[in-house]
Every structure is written in structure tokens, then in C-alpha cells.
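Visitor: For reference, the sequence and a predicted model appear below.
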Amino acid sequence: MENRAGVLKAVPITLRQANEFVKKYHRHNKPVQGYKFCIGVEKDGKLVGVAIVGRPVARNLDDGKTAEITRVCTDGTKNANSFLYSRCKRICQLMGYERVITYTLQKESGSSLRAVGAVQEIEVRAATWDRPSRRRKEQKVYQEPKVRWRLL
């Protein structure tokens, strides 16, 4: 089947490729350390977005049945965010995950998530990973309240 111009297409990518894309295009997050899988989205043969899925960052949610979409990043291509969220949701379903979550900053609309049937679970207060026994240099984004979304 031939690829039509302007159609979004899922492609396999490595964590290195995904992190390079995140480094170049993401507004406020840095590349990630660990992951379960990554996918990309191409339009007309060009990589226009990436998604990285891993274990939940919050250890109390890491029950082995929950996956977290830790990064979704695009170059602004229309519908690429929703495309990535829907593919991640489907892949997680096929892998046997019972729950798929992700977070947005409270000031972000979440329209791409609503487009794939995600629902807001909870508002999460701003927190820091820094502890006296384990000093961490913080990203500014962690000082902002977030919304946790459930896709599955």
C-alpha cells in the first residue's frame, strides 16, 4: 500500500532518537533516563513527533500494571500529539497494561488527551525531588501544579 502525502505514520525509534527530538523541540522537559518503549510519527517521510512510555515516576503508582507516557513531543504538526497518545494507549493495551497515565501542566489545555478519550484523574501539587539526603538540581517545570490523566 502506498503512503499518501500528508498522512501521519507510526514508526519505531530508539530512545536516543526520541531524546534527541525532545532535546530539540520540547518546551519545558528534558530527555528521559529509562523507558519501556518509544514510537515516532512521520509525515511525508519526516519525523514530526515522538512519544516515550515507561514505568510510573511516582513509585506508589508503579504496580506493574500501570504505564506512564513520560514524554510526548512534536514539532507542531497538526494532530501529531493525539496520534501519538492514541498509539501509546493501544500499544500499552496490547502489552497487557491495565492503566495508562500521563501528566500535563495545569496551564495546558489537554485537548489532545481529551481527543483520545483520556479523563482527568487528579490535580497534583507542585513538588520537588530534592531532599537533604539526596540533593537534586530541579527543573523549573516541577515547581508548577500538574494534572494527571488516565488514558486506559
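Guide: Arrived safely.
Visitor: Please state the offset of the longest helix anywhere in the chain from the chain centre?
Guide: What stands out as the longest helix in the chain, according to DSSP state H, is helix 80-95. Once both centres are worked out by Cα atoms, centre = their mean, to the nearest Å, helix 80-95 turns out to sit 10 Å from its chain's centre.
Visitor: what helices or strands is it leaning on?
Guide: Using 3 or more Cβ pairs under 8 Å, 6 or more residues apart in numbering; DSSP states H and E as the contact criterion, the elements in contact with helix 80-95 are strand 8-12, strand 37-43, strand 46-54, strand 66-74, strand 99-105, helix 111-115. For the C-beta atoms, the positions are set from N, CA and C on the backbone; glycine is no exception.
Visitor: Make a markdown table out of the ones you listed and add distance to residue 145, mean neighbour count and mean pLDDT.
Guide: Compiled in a markdown table, these are given as follows (distance: least, Cβ to Cβ, whole Å; neighbours: other Cβ atoms under 10 Å; pLDDT from 0 to 100):
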| stretch | distance to residue 145 | mean neighbour count | mean pLDDT |
| --- | --- | --- | --- |
| strand 8-12 | 31 | 14 | 97 |
| strand 37-43 | 27 | 20 | 98 |
| strand 46-54 | 22 | 22 | 97 |
| strand 66-74 | 18 | 23 | 96 |
| strand 99-105 | 8 | 19 | 95 |
| helix 111-115 | 16 | 16 | 95 |
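Visitor: quick one on the thing from earlier: the longest helix of the chain relative to strand 99-105, how many degrees between them?
Guide: With axes from the mean of the first three to the mean of the last three Cα atoms, to 10 degrees applied, the angle from helix 80-95 to strand 99-105 works out at 160 degrees.
Visitor: got the contact list for residue 74?
Guide: Contacts here follow Cβ atoms under 8 Å, 6 or more residues apart in numbering; on that basis residue 74 touches 25, 41, 48-50, 80-81, 84.
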